[in-house]
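Q: output the structure for:
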Amino acid sequence: MRVALDTNVLVAGLRSNQGASFRLLQQVPLRRFHPQISVPLFLEYEAVLKRPDIGIGLAPAEIDAILDIIAAFSNPVWLHYLWRPVLPDPADDMVLELAVASNAKAIVTFNIKDFSEVARFGVQVLTPRDFRLRLQETTG
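A: Modelled structure (predicted):
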């Protein structure tokens, strides 16, 4: 299943190894789902994950190694910015545009309400927990 991972999923997964976000990140190299990535979203991942106040507790080199894995196992998508803005937050528009351009089935995020307008694009919005449950149903 093709998905767009919102930045908050990576932050949560790297802050704690107890939640659904961490378990999703562990599954990226296993190819149980197919993360989609664009240059702007990858740059946002890097900028946010390396903020000293984000509470991850990893060195920049460790974050780079994780980002390398994400880049290696994600499908690159080129965006053309033809129909923005749709959502109030430009960062959310970036995730939505990636999902639409890549024909992703879902956006995985903790900010469900911020993506309230995406149903008309044929994209589901799921929390990491709900997406993990969906993966278990489809892949066993």
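Q: residue nearest the centroid of this protein?
A: Centroid-nearest residue in the chain: Leu5, 1.1 Å away (criterion: Cα atoms, centre = their mean).
Q: quick one: pLDDT of that one?
A: Note on Leu5: pLDDT of 98.
Q: same check, this time on Gln18
A: 95.
Q: need the contact list for the residue nearest to the centre of the chain.
A: Listed by Cβ atoms under 8 Å, 6 or more residues apart in numbering, the contact partners of Leu5 are Leu24, Pro35, Val108, Thr109. All C-beta spots, glycine's among them, are computed from the backbone N, C-alpha and C.
Q: can you name the residues bridging to it?
A: Judged by DSSP bridges, the bridge partners of Leu5 are Val108.
Q: burial measure for Pro76, as a count.
A: Residues near Pro76, counting by other Cβ atoms under 10 Å, number 11.
Q: now it: closest residue in space that isn't a chain neighbour?
A: Excluding its sequence neighbours, the residue lying closest to Pro76 (Cβ to Cβ, 6 or more residues apart in numbering) is Ile37, at 5.8 Å.
Q: measure that neighbour to Ile112 for me?
A: For Ile37, the distance to Ile112 (Cβ to Cβ, to the nearest Å) stands at 21 Å.
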